[in-house]
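[1] what would the 3D arrangement of this be:
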Amino acid sequence: MPSHLTVKVLAEISLLGMGLDVLGGCYLAYDLLGGKRGPLRTMARAAGYQTLFFTGYVIVLGLRYAIVAATGLSILLAIEFRGAALDETQNDEKRGTVLLFGFLRGMVLGLAGMTIAGPMFGLVFGLLSGAGLMVSYWLGYAPTHDYHAESKPRTSRHKILASFWRAVAITVAGVVATLPTHHKLSSMFGLRLGLAVGTVSVLVSLFSPLIEWWIETLPERRLGMIGLVMILLGVLLQSAQYWVVVFEVPVR
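    Predicted coordinates:
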């Protein structure tokens, strides 16, 4: 363990633990609040996607960005895929809903961007990302256009192209958003954002059929066990601040 810990790091660890508690509670409550027919089916689906989003973003952009982006994007994708599975919308209404989700996804990325680059960057980046993703989705590259539920990972040429165009849209948004704050950020930061989005998009599109199949077929009791493990891990992370005091670890 490092000789010093910062209060900021301890706060981030505690927030991560709280997030795991919430997800674990959703899994435990899955059967009690309606099972497959209840609203927590969407939350259980979101929990599966959050792992993929978090893994991809934390490697390239760090913990704070990953927590915000993974939470927001996983919830949006779970709602989108729930609609795709049930085919709740049709024709013009369906296209309008798809475009709305593209814009909302961009705004989530903007909020995440605020955690590492400030409010000005986050606002501009979010608006431009939302507009870019709406264009991408209008051209037929929305996640719901590639919805499948299978017992193994699956990719396709269309999925690869969709990931590429999303990465391009976010890269352009990131580079342009650095201009008002050029004294603090370089265009390379925008390229990092595009790389992260492209990587995560490929990861999610590859494993989404498996996650959808898993959510549809996993027994409720197994979901409860997963929830229990999440809660225990969350409690452990939240207790880090107290272990620091007990073992007298220097904090600055």
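[2] use CA for all of it now, contacts and neighbours both
    Noted.
[3] hang on, Ala70 packs against Phe54?
    Yes. With contacts counted by CA atoms under 8 Å, Ala70 reaches Phe54, the gap being 5.1 Å.
[4] of those two, who's got more company?
    Ala70 (26 against 22; other CA atoms under 10 Å).
[5] any idea how far that one is from Leu61?
    In this view, Ala70 and Leu61 are 12 Å apart by CA to CA, to the nearest Å.
[6] okay, now the unreliable bits of the stretch 151-252 of the chain?
    By pLDDT under 70, the low-scoring segments of the stretch 151-252 of the chain are 151-152, 181-186, 218-228, 242-252.
[7] residue ranges with poor pLDDT in the stretch 1-150 of the chain?
    1-5, 8, 23, 26-41, 83-95, 149.
[8] and Trp165, what does it touch?
    Trp165 is in contact with Ser136, Tyr141, counting by CA atoms under 8 Å, 6 or more residues apart in numbering.
[9] revised request: answer the last question for Met107.
    Met107 is in contact with Leu123, Gly126, Leu127, Ser129, Gly130, counting by CA under 8 Å, 6+ apart.
[10] quick one: it and Ile170, what's the gap?
    Distance from Met107 to Ile170, by CA to CA: 12 Å.
[11] hmm, back to that, and of the contacts of Met107, the nearest to Leu195?
    Closest to Leu195 out of the contacts of Met107 is Ser129 (13.8 Å), distances taken as CA to CA.
[12] and the closest one, what helix or strand is that in?
    helix 119-138 (DSSP states H and E).
[13] one more: Thr55?
    Judged by DSSP H and E, Thr55 forms part of helix 40-61.
[14] which strands or helices does that helix pack on?
    Here helix 40-61 touches helix 7-29, helix 63-86, helix 187-217, going by 3 or more CA pairs under 8 Å, 6 or more residues apart in numbering; DSSP states H and E.
[15] centre-most residue in this protein?
    Note on the chain: the residue nearest the mean C-alpha position is Ala70, at 2.2 Å, using CA atoms, centre = their mean.
[16] quick one, what contacts Asp132?
    Careful, residue 132 is Gly and not Asp. Arg166, Ala169, Ile170, Ala173.
[17] just the ones in strands from those residues, please.
    With strands taken from DSSP state E, there is no overlap with the contacts of Gly132.
[18] which of those ranks first by neighbour count?
    The most crowded member of the contacts of Gly132, judged by other CA under 10 Å, is Ile170 (30 neighbours).
[19] ok, now which ones touch that residue?
    So Ile170 contacts Leu128, Ser129, Gly132, Leu133, Gly190, Leu193, Gly194, Val197 (CA under 8 Å, 6+ apart).
[20] which one of those residues is nearest Leu20?
    Val197 (23.1 Å).
[21] OK, contacts around Leu15?
    Taking CA under 8 Å, 6+ apart, one finds Gln238 in contact with Leu15.
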